[in-house]
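Colleague: Quick one, structure for this:
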Amino acid sequence: MARALALAPTRGAGTLAWVRSSGRAEAAVVLEPELPLSAARLAFLAAANALADALAADGPPEIPVESAWPGTLRVNGAACGAVRLAAPPGCAEDDIPAWLVVGMEARIALTLPVEPGERPDLTGLAEEGWEGLTAAELTAGWARHLMAGLDDWQARGPRRLSEHFLARLIDEREVPGQRRGIDPATGDLVLDRDGVRISRSLREALA
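Modeller: Numbers count the residues shown, from 1 in each chain. As a prediction, the model looks like this:
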């Protein structure tokens, strides 16, 4: 993220920065949105979808790949990575940002100094069956799925983007009688139950 943020003002859209590492994948892409910042934040959802799709395409089909609000990657129920977003400092919600940066990170292998089973809330991809996956391969897959998702969002609008994200979001998924949605103007998570609506701000979650 730091490298992409440094390059964003001069290199522009499509710039990709990534880390070459055996233990983790970390990458970020510069975007140049045509929407106000509030609506352009839906690019964060596209980045989360892309990371999950890249892993689901090459991993064990029986291992669930999910998200916890707003962008924690969960593999087989444990935290394995995250998605991030950054905008130019001081950009107002109703201004079109000169650039955005979306980024992802994922543990290729769990390298923390802990005994097996000591931290069941954390995992690595190798531990869950993604044996042989490299940071370069995951970065390339994430970038491909991200570009496809952004193209689909531009062509079809935000509905499919939001539905795709919600399908993997574990938050409030099992609450009887509750409906979940994404506000297309802000990216906020909207919960509606018995006529009572509650919003979880994407802006505040990313702050």
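
Colleague: What segments of this protein are helices?
Modeller: Taking DSSP state H to define them, one finds helices in the chain at 2-11, 37-40, 43-58, 135-156, 159-168, 202-206.

Colleague: Dump those to JSON lines, plus mean neighbour count and distance to residue 83.
Modeller: Any C-beta I mention is one placed from the backbone N, CA and C, and that applies to glycine too. Converted to JSON lines, the helices of the chain look like this (neighbours: other Cβ atoms under 10 Å; distance: least, Cβ to Cβ, whole Å):
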{"stretch": "helix 2-11", "mean neighbour count": "16", "distance to residue 83": "13"}
{"stretch": "helix 37-40", "mean neighbour count": "20", "distance to residue 83": "15"}
{"stretch": "helix 43-58", "mean neighbour count": "23", "distance to residue 83": "5"}
{"stretch": "helix 135-156", "mean neighbour count": "18", "distance to residue 83": "10"}
{"stretch": "helix 159-168", "mean neighbour count": "18", "distance to residue 83": "10"}
{"stretch": "helix 202-206", "mean neighbour count": "16", "distance to residue 83": "10"}
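
Colleague: Quick check: which of those helices is nearest to residue 120?
Modeller: Of all those, helix 43-58 sits nearest to residue 120, with 19.6 Å by Cβ to Cβ.

Colleague: between that closest one and helix 159-168, how big is the angle?
Modeller: With axes from the mean of the first three to the mean of the last three Cα atoms, to 10 degrees defining the directions, helix 43-58 sits at 60 degrees from helix 159-168.

Colleague: thinking again about what came up before, can you add distance to residue 30 and mean pLDDT and give the helices of the chain back as CSV?
Modeller: CSV is the format used below for the helices of the chain (distance: least, Cβ to Cβ, whole Å; pLDDT from 0 to 100):
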stretch, distance to residue 30, mean pLDDT
helix 2-11, 5, 96
helix 37-40, 13, 98
helix 43-58, 11, 97
helix 135-156, 12, 97
helix 159-168, 19, 97
helix 202-206, 17, 95
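
Colleague: Distance to residue 17 for those - can I get that in TSV?
Modeller: Compiled in TSV, these are given as follows (distance: least, Cβ to Cβ, whole Å):
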stretch	distance to residue 17
helix 2-11	4
helix 37-40	20
helix 43-58	14
helix 135-156	10
helix 159-168	24
helix 202-206	19
